[in-house]
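Colleague: Provided below are the primary sequence and the corresponding predicted coordinates.
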Number of protein chains: 2
Amino acid sequence: MPPPHPHLLLVRSQTLTPLLRRSPRCDPPFFRPRRFLSARASGAQLAAAGVATTQQPELGVEEAVVGFVTGKRKATEVAHAVWRSIVRKGDTVVDATCGNGNDTLALLKMVADEKGQGRVYGMDIQDSAIESTSSFLKMAMDDDHQGELVKLFPICHSRMEEIVPKDAPVRLVAFNLGYLPGGDKTLITVPRTTELALQAASRILSSGGIISVLVYIGHPGGRDELDVVESFASSLPIDSWVSCKLQMVNRPIAPVLILLNKK
Amino acid sequence: MPPPHPHLLLVRSQTLTPLLRRSPRCDPPFFRPRRFLSARASGAQLAAAGVATTQQPELGVEEAVVGFVTGKRKATEVAHAVWRSIVRKGDTVVDATCGNGNDTLALLKMVADEKGQGRVYGMDIQDSAIESTSSFLKMAMDDDHQGELVKLFPICHSRMEEIVPKDAPVRLVAFNLGYLPGGDKTLITVPRTTELALQAASRILSSGGIISVLVYIGHPGGRDELDVVESFASSLPIDSWVSCKLQMVNRPIAPVLILLNKK
């Protein structure tokens, strides 16, 4: 399988992910086996995915947050930096909106361990997003062995409980809400299934874990989805959840980061 | 002068500051000369003010932000950590709402330099707040020489341009909006003068500097003031300002942190 056009990968890092529930019915869970090719992602592609390289070391929370405050870093970089502070090698994590695979790869780097215990469960309702993620991972992984740690499913994320093993404590569930970069912009995540997916995420998350939701609001329907996420976040009981929000104030269509920590 | 009751200092760190514009007229600028006594603040008092001690080292942005996200740190700790990343020794900074002096002391520690160039201009409309700040600083300063770097004025913060020298590039203007902890809770900052003060702060701030506004919204009038701050923040042009907001979502009366960076 040829590597995806590099431009797609770069666009992906600046924006978001896919998902329109074209139909309430989703395909059955499906693990797509992958054979890893020798093609490797370039440093620029990895940097665009927020993955550390020799030339660009890992971004810390301080650099990401102060960079965000001063307009030099994006919300997605803050999200990744916070994830790195919370996720540990060997953890189980979920990428609820694979898109072109940037978050999936970033999560894989965080959980991949020598014992092979770490797991990334990735899903996307659009087949093309799963294909794109699979191709990107093939290029970007340090060794083929890491591929065994990623499980990709072309299903609606409201069904995440069907694919994540019940005995796996989940440290992180990541959402990027909007449309697939480089894909059909009329295919967007929608409030009803997003709400169901958030509820599912809140059930599978382990104590101390985080649900991370980056909401892109610059497209039609984006504000409605933000309303749903905020409503869900504010409904969480304060004795067992911490819900916070980081957003730009003078850039009304800038993405909003919402982080939900289960105590 | 006896040191203030320790309880006041502890309460102060968890809450906010003073300011009611009882009258549109403010007293003329006034520098209150101080003689520094030998009484010293305890480690607990300094910790409550967010100032590093031998027992409690300085809080970094990573620890503050991840702590905020997981419910272990307060918005004021995030604010102080961000300030420390931006303010340098020798800088000029403004505490627009001295309250009981916790922020004033924290700012003094950030700018105090061997050359004696750093300056903290502090103000508060309530005389009792200036007295409290002055007493706290006397107890908490490492040496009396640092006192020369702090200028306290019992005036309305909308008049900050009258006391900060025009040739001093200001790196930070800090606001804590609400009432004076331990004081009369009916005396609160009010939208009209807060707006004027924000406008003044935006004029005196140097390029690369930050206006930091922590808005306490749990008291009557708190939401109106947040509206004014948000309206001001969102009106700033995106080519020369970055305005962002950090807030709890499932704790509706938790303070909101708004940071305005002048590019």
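Modeller: Now that the structure is in, tell me what you want to look at. Numbering: from 1, shown residues only, chains lettered A, B, ... in the order given.
Colleague: can you pull the contacts of the residue lying closest to residue A:86 once chain neighbours are set aside?
Modeller: Nearest residue to residue A:86 in three dimensions, chain neighbours excluded: residue A:210, at 5.5 Å (CB to CB, 6 or more residues apart in numbering or on different chains). For glycine as for every other residue, the C-beta is placed from the backbone atoms N, C-alpha and C. Going by CB atoms under 8 Å, 6 or more residues apart in numbering or on different chains, residue A:210 touches A:82, A:83, A:86, A:171, A:172, A:173, A:259, A:260, A:261, A:262, B:69.
Colleague: give me that answer again for 10 Å
Modeller: A:79, A:82-83, A:85-87, A:93, A:170-174, A:201, A:242, A:259-262, B:66, B:69-70 (CB atoms under 10 Å, 6 or more residues apart in numbering or on different chains).
Colleague: Return the list of strands paired to the helix or strand hosting residue A:243, each annotated with direction.
Modeller: Residue A:243 is part of strand A:241-248, with elements assigned from DSSP states H and E. With DSSP bridges as the test, strand A:241-248 is paired with strand A:256-262 (antiparallel), strand B:241-248 (antiparallel).
Colleague: can you tell me which strand in chain A is longest?
Modeller: Counting by DSSP state E, the longest strand found in chain A is strand A:205-215.
Colleague: And the next helix or strand past that strand?
Modeller: Downstream of strand A:205-215, the next assigned helix or strand under DSSP H and E is helix A:222-235.
Colleague: What does residue A:79 show for phi and psi?
Modeller: When read as degrees, to the nearest 10, the backbone of residue A:79 gives phi -60, psi -50.
Colleague: That one contacts residue A:107, doesn't it?
Modeller: No: using CB atoms under 10 Å, residue A:79 is not in contact with residue A:107; the gap is 11.1 Å.
Colleague: which residues do the two both contact?
Modeller: Listed as contacting both residue A:79 and residue A:107 by CB under 10 Å, 6+ apart are residue A:174.
Colleague: Report the distance from the longest strand of chain A to the chain centre.
Modeller: In this view, strand A:205-215 has its centroid 11 Å away from the chain centroid, taken as CA atoms, centre = their mean, to the nearest Å.
Colleague: Direction-wise, compare that strand with strand A:241-248 and give the angle.
Modeller: Strand A:205-215 runs at 20 degrees relative to strand A:241-248, counting by axes from the mean of the first three to the mean of the last three CA atoms, to 10 degrees.
Colleague: strands paired with strand A:205-215, and their directions?
Modeller: Sheet pairing for strand A:205-215, using DSSP bridges, gives strand A:170-177 (parallel), strand A:256-262 (antiparallel).
Colleague: out of those, which comes closest to residue B:222?
Modeller: With CB to CB as the measure, strand A:256-262 is the member of the strands paired with strand A:205-215 nearest residue B:222 (22.5 Å).
Colleague: Enumerate the residues of the stretch 51-200 of chain A near chain B.
Modeller: Counting by CB under 10 Å from any CB of the partner chain, the stretch 51-200 of chain A comes close to chain B at A:60-72, A:75, A:78, A:81-82, A:84-86.
Colleague: you'd agree residue A:67 is up against residue B:82?
Modeller: No: Residue A:67 lies out of contact with residue B:82 (CB under 10 Å); the separation is 11.2 Å.
Colleague: if you count what's nearby, which of the two comes out ahead?
Modeller: Between residue A:67 and residue B:82, counted using other CB atoms under 10 Å in any protein chain shown, the more crowded position is residue B:82 (25 against 17).
Colleague: For residue A:146, give me its contacts.
Modeller: Counting by CB under 10 Å, 6+ apart, residue A:146 touches A:36, A:105, A:108, A:109, A:111, A:112, A:116, A:118, A:120, A:137, A:140.
Colleague: So which of those residues sits lowest on pLDDT?
Modeller: Among the contacts of residue A:146, residue A:36 carries the weakest pLDDT, at 34.
Colleague: State the distance from residue A:142 to residue A:109.
Modeller: Between residue A:142 and residue A:109 the distance is 9 Å, computed by CB to CB, to the nearest Å.
Colleague: Those two: which is more packed in?
Modeller: Applying other CB under 10 Å to residue A:142 and residue A:109 shows that residue A:109 carries more neighbours, namely 23 against 10.
Colleague: Relative to residue A:80, how far out is the more buried one?
Modeller: When CB to CB is the yardstick, residue A:109 and residue A:80 sit 10 Å from each other.
Colleague: And for residue A:138?
Modeller: Remark: distance between residue A:138 and residue A:80 (CB to CB) = 21 Å.
Colleague: Compare neighbour counts for the two and give me the winner.
Modeller: Just comparing residue A:138 and residue A:80: by other CB under 10 Å the higher neighbour count belongs to residue A:80, 25 against 21.
Colleague: That one in helix, strand or coil?
Modeller: For residue A:80, the secondary-structure state derived from DSSP: H, G, I helix; E, B strand; the rest coil is helix.
Colleague: pLDDT wise, what is it at?
Modeller: With respect to pLDDT, residue A:80 scores 97.
Colleague: wouldn't it be in contact with residue A:68 here?
Modeller: No: here residue A:80 does not reach residue A:68: they are 11.7 Å apart, not a contact under CB under 10 Å.
Colleague: shared neighbours of those two, anything?
Modeller: Common neighbours of residue A:80 and residue A:68 (CB under 10 Å, 6+ apart) are residue A:74.
Colleague: What is the neighbour count of the closest residue to residue A:261 other than its chain neighbours?
Modeller: Counting by CB to CB, 6+ apart, residue A:261 lies nearest to residue A:242, which is 4.3 Å off, once chain neighbours are set aside. With neighbours defined by other CB under 10 Å, the count for residue A:242 comes to 22.
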